[in-house]
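# got a sequence here, can you model it:
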Amino acid sequence: MVQSLNTKTSQAFPAIAYVGLGSIYGNVLVGDKAFEFFNEANVEDAIQIPWDTIDHVEGIITRDHKIGRQIVIVLKPQGRSKRYNHLRFSSKCSGTILKLVRQEIGNDKVVKLPTVIDKLLNLFSKRKG
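Numbering: from 1, shown residues only. A predicted model of the protein is given here:
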């Protein structure tokens, strides 16, 4: 059985992890040392992300200022790679999960996920030298 990294955790929130081409149903635990996801069918299949490896967490905000269900965890580049890795989760309790994550990593590291329109505006905006 996989040992939890946390000494204190929140309640388990039902969630979906999008890994590769498929999705895994399980539970998210937000603790004092890590963000953890455990598979419902196979507890050995777990995702454990220590807080110090997370660069920032992105949440979806809709036009009417409601929190969407998707959460994206952006990991710091590992080793010689300069690429950021993204892990995507979905939960009905995403607002509560984001609040708990904000308490652990800080308010400045929980940000709004940029939309396609935001990316296009940044691409075509004038850059000041």
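# can you list contacts of stretch 16-28?
12-15, 35-41, 45, 47, 87-91, 97 (Cβ atoms under 8 Å, 6 or more residues apart in numbering). C-betas here are computed from N, CA, C, even on glycine.
# ok, 7 Å please
Residues outside stretch 16-28 that contact it (Cβ atoms under 7 Å, 6 or more residues apart in numbering) are 12-15, 37-40, 45, 47, 88-91, 97.
# give the buried residues for it.
Ile16, Ala17, Ile24, Gly26, Asn27, Val28 (16 or more other Cβ atoms under 10 Å).
# ok, and for stretch 86-97, which residues are buried?
Leu87, Phe89, Ser90, Ser91, Cys93, Ser94, Thr96, Ile97.
# now Ser4, what's its secondary structure?
What DSSP: H, G, I helix; E, B strand; the rest coil gives for Ser4 is coil.
# quick one, what contacts the closest residue to it other than its chain neighbours?
Leaving aside its sequence neighbours, Ser4 sits nearest to Glu36 (Cβ to Cβ, 6 or more residues apart in numbering; 6.3 Å). Residues near Glu36 by Cβ under 7 Å, 6+ apart: Ser4, Leu5, Asn6, Leu29, Ala46, Ile47, Gln48.
# which of the residues you listed sit farthest apart?
Largest separation among the contacts of Glu36 by Cβ to Cβ: Asn6 and Ile47, giving 13.4 Å.
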